[in-house]
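K.L.:
Have a look at this prediction, sequence included:
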Amino acid sequence: MNKLKAIFLPFISGILLLGIWYSVAFVYAKNEGYEVQRIVIPFPHQIVEALWDERAILWIATRQTAFAALVGFIAAVTFGYVLSMLLASAVWVKRSLYPWILVLQMTPVVVLAPIFVLWIGQGLPSITAITFMIGFFPVVANTTMGLISTDRNLIELFEMSNASKTQEIAYLRVPYAMPYFLTGMKIAGTLAPIGAIAGDLFAGSSQGGVGGIGFMVILYNSQVKVPELFATAFVACFLGFIFVGCVNWLHWMLLKNWHESVRATDIE
Amino acid sequence: MLIPPNPDTPLVKIENASKCFGDTIVLDRINFSAKKGDFVSLVGPSGCGKSTFLKLIAGLHLASEGSVTIDGLDPKNAREEMAFIFQDANLLPWRRVLSNVELSSQLRGVSKRKRQETAREVLELVGLSHALRHFPWQLSGGMKMRVSIARALTLSPKLLLLDEPFGALDEMTRDKLNEDLLRIKARDGWTAFFVTHSAAEAVFLSNQIIVLSAKPGRIAEVINVKLPAFRDADLRETSEYLRQVANVSRSIRKAH
Ligand SMILES: Nc1ncnc2c1ncn2[C@@H]1O[C@H](COP(=O)(O)OP(=O)(O)OP(=O)(O)O)[C@@H](O)[C@H]1O
Ligand SMILES: [Mg+2]
């Protein structure tokens, strides 16, 4: 019964929203004419049409953005983890580096973007670097927190077994920090497609004729192709869902056996 | 060593040991010795330094003054002979019961086959053979404590340090675990230091009870429990047992 509701209710509300959209667009068209309506509030079927007409080019743009998001994300997670290990290894390392990491984190990436373009040029390298910058800090902040907040009693348990520093890291600190790391990774995963699209807005170029999603946004905007803009938004949303879905799945797989965060949502 | 050990040499020897954290003296000039096979309970008001006392013996804290030796060794060098059982079972939530119990031997480099064998053995001993593949969150408080005890027993320690292991359990579970603990002790013959808030538990388990006073922590009294060496649940109904429990309760109140 509940399962049925879970599918049925969103379906009903979806239809309702579509209905509202159509009526608003229709009223607008009656007042301002269909030409203006098309470039202000296009009908949903016009958006679908645009999506279909532009499918080839949007597909290439999506692939390009997905690629930049993926590479930036993997780099953010990998380097973020390595840096966290370094920060957690000794108090003096954290004391000397962490303030600077914070400074860098506080600097909005959109401000840094033009500098990246200046240094490494237009296109994929800059876009990836911007994605990396956005995902990197959540990973570092969360993982470091996990690595240094390991339960005192568990550390004493390891001490009682004369565990080596390596054993303590491998069997205690790393698994203990896993939920924290995965939280950071989830945030990075949510930000990665956004970062790649934002990066595209600054550093996108039409290499081989087509740019990423952000580039298409600029292009369609300059050509006043509004249904195509909405179609692009739809595609970006889709990409975001896939990214977040994969990362959440990984989170669930790794923690399902033992961590509260996963078991709590399981019951729901 | 060629010299046969003298059965009367103390296993744990605490001489004039004090412990300060900053300016506050938590334990003040403690002197105490425990022979092999002794079961020593530590009672006293909250915050009087019972956990600190155990951690000095474990070498998790260093004495600010005086000395603590285990079998003539510095505690840090005697870890192989000791096991510490913490208040909240202190299990690794990402490991199943069996591999939680394997942990101590794994950290000491025992081969996988060997350590699984011992882990199964001790889990049988504490009555958990049916729960090998459970995760800690699937266990009751009493079962978690049993896993913790099993983990401590894997390396056949000579000295067991227990910091209020059953403090969070209901009375029936606690009584049962007390009886099991004595049964295992009769089999293995280790020495134990046991922190508790319960006079009844202390009397049931121990042959010596240290009553600590607070601020600073000093030994107010050492009570010898004169009860038969063999003890089971029936003991709790004897008048001699009840008399001794009342006696210990009075000493604890006086030490406040
Ligand atoms: N690492 C530490 N640093 C500073 N002070 C500490 C530390 N550990 C314990 N203390 C202090 O030492 C005193 C004794 O602590 P301890 O944990 O040994 O008490 P306890 O007798 O075990 O109490 P309880 O029965 O509540 O467990 C307390 O006042 C506590 O604040
Ligand atoms: Mg304590």
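P.N.:
Perfect, thanks for sending it. Numbering: from 1, shown residues only, chains lettered A, B, ... in the order given. Ligands and ions are numbered 1, 2, ... in the order given.

K.L.:
so where do the helices sit in the chain?
P.N.:
All of this refers to chain A. Ranges of helices in chain A, per DSSP state H, are A:2-32, A:34-40, A:44-53, A:55-89, A:91-106, A:109-120, A:124-148, A:152-160, A:165-167, A:174-203, A:213-222, A:226-255, A:260-267.

K.L.:
other chain: chain B
P.N.:
Counting by DSSP H, the helices of chain B are B:50-58, B:97-107, B:112-125, B:141-153, B:171-188, B:199-205, B:239-255.

K.L.:
thinking again about what came up before, which one of the helices of chain A has the lowest average pLDDT?
P.N.:
With a mean of 58, helix A:260-267 has the lowest mean pLDDT of those.

K.L.:
quick one: contacts for the residue of the stretch 101-250 of chain A at minimum distance from chain B?
P.N.:
Across the stretch 101-250 of chain A, the shortest distance to chain B (Cβ to the nearest Cβ) belongs to A:Ser161, at 4.1 Å. (Glycine included, C-beta is placed from N, CA and C.) Applying Cβ atoms under 8 Å, 6 or more residues apart in numbering or on different chains to A:Ser161 gives the contacts B:79, B:103-104, B:107-108.

K.L.:
let's go with 7 Å and repeat that
P.N.:
For A:Ser161, the contact set (Cβ atoms under 7 Å, 6 or more residues apart in numbering or on different chains) comprises B:104, B:107-108.

K.L.:
before we move on, the earlier item: tell me which of the helices of chain A approaches ligand 1 most closely.
P.N.:
Ligand 1 lies closest, by Cβ to the nearest ligand atom, to one member of these: helix A:152-160, at 8.8 Å.

K.L.:
hmm, back to that, including pLDDT and distance to B:His197, could the contacts of A:Ser161 go into CSV?
P.N.:
Below are these laid out as CSV (pLDDT from 0 to 100; distance: Cβ to Cβ, whole Å):
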residue, pLDDT, distance to B:His197
B:Ser104, 91, 27
B:Leu107, 93, 31
B:Arg108, 89, 33
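
K.L.:
Can you tell me which of those residues are classed as buried?
P.N.:
B:104, B:107-108 (16 or more other Cβ atoms under 10 Å in any protein chain shown).

K.L.:
out of those residues, which one sits closest to A:Gly189?
P.N.:
B:Leu107 (34.3 Å; Cβ to Cβ).

K.L.:
Just confirm that closest one contacts A:Ala163, I think it does.
P.N.:
Yes - if you go by Cβ atoms under 7 Å, B:Leu107 and A:Ala163 touch, sitting 4.6 Å apart.

K.L.:
returning to what we had before: near chain A, list only the ones from the buried ones among the contacts of A:Ser161.
P.N.:
B:104, B:107-108 (Cβ under 7 Å from any Cβ of the partner chain).

K.L.:
export the helices of chain B to CSV and tack on distance to ligand 1?
P.N.:
Putting those into CSV (distance: least, Cβ to the nearest ligand atom, whole Å) gives the following:
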stretch, distance to ligand 1
helix B:50-58, 3
helix B:97-107, 23
helix B:112-125, 27
helix B:141-153, 16
helix B:171-188, 16
helix B:199-205, 13
helix B:239-255, 12
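
K.L.:
Those helices: which one's closest to B:Gln87?
P.N.:
Nearest of these (Cβ to Cβ): helix B:50-58, 8.2 Å.

K.L.:
Tell me what angle the closest one forms with helix A:152-160.
P.N.:
Helix B:50-58 runs at 20 degrees relative to helix A:152-160, counting by axes from the mean of the first three to the mean of the last three Cα atoms, to 10 degrees.

K.L.:
as a whole number, average confidence for helix B:50-58?
P.N.:
Mean predicted confidence for helix B:50-58 is 92.

K.L.:
So which elements touch that helix?
P.N.:
Counting contacts by 3 or more Cβ pairs under 7 Å, 6 or more residues apart in numbering or on different chains; DSSP states H and E, helix B:50-58 is packed against strand B:12-21, strand B:24-34, strand B:159-163, strand B:191-195.

K.L.:
quick one: low-confidence ranges for chain B?
P.N.:
For chain B, the stretches with pLDDT under 70 are B:1-8.

K.L.:
near chain A, which residues of it show up?
P.N.:
Counting by Cβ under 7 Å from any Cβ, chain B sits next to chain A at B:58, B:60, B:79, B:82, B:84, B:86, B:90, B:93-94, B:104, B:107-108, B:135, B:137.

K.L.:
and the residue of the stretch 1-150 of chain B found nearest chain A, how far is that from B:Gly44?
P.N.:
Using Cβ to the nearest Cβ, B:Leu107 is the residue of the stretch 1-150 of chain B that sits closest to chain A, at 4.1 Å. Using Cβ to Cβ, to the nearest Å, B:Leu107 is found at 32 Å from B:Gly44.

K.L.:
now do B:Leu92
P.N.:
From B:Leu92 to B:Gly44 the distance is 31 Å (Cβ to Cβ).

K.L.:
of those two, who's got more company?
P.N.:
Under the neighbour definition other Cβ atoms under 10 Å in any protein chain shown, B:Leu92 and B:Gly44 were set side by side, and B:Gly44 has more, 25 against 21.

K.L.:
dump the residue contacts of the more buried one.
P.N.:
With Cβ under 7 Å, 6+ apart, B:Gly44 has these contacts: B:50, B:211-214, B:252, B:255.

K.L.:
hmm, back to that, any idea which of the buried ones among the contacts of A:Ser161 is closest to B:Lys185?
P.N.:
Comparing the buried ones among the contacts of A:Ser161 against B:Lys185 with Cβ to Cβ places B:Ser104 closest, at 18.7 Å.

K.L.:
unless I'm mixing things up, that closest one is touching B:Arg151, no?
P.N.:
Yes - when contacts are counted by Cβ under 7 Å, B:Ser104 is listed as touching B:Arg151 (5.8 Å).

K.L.:
pretty sure B:Val211 is touching B:Ala255, no?
P.N.:
Yes - in this structure, B:Val211 is within contact of B:Ala255 by Cβ under 7 Å, at 5.1 Å.

K.L.:
Please enumerate the shared neighbours of those two.
P.N.:
Jointly contacting B:Val211 and B:Ala255 under the rule Cβ under 7 Å, 6+ apart are B:44, B:220.

K.L.:
higher neighbour count, the two?
P.N.:
Neighbour totals were compared for B:Val211 and B:Ala255, and B:Val211 leads with 25 against 19 (other Cβ under 10 Å).

K.L.:
which parts of the stretch 151-268 of chain A sit against chain B?
P.N.:
Near chain B, when you scan the stretch 151-268 of chain A using Cβ under 7 Å from any Cβ, you find A:153-154, A:156-163, A:167, A:175, A:257-258.
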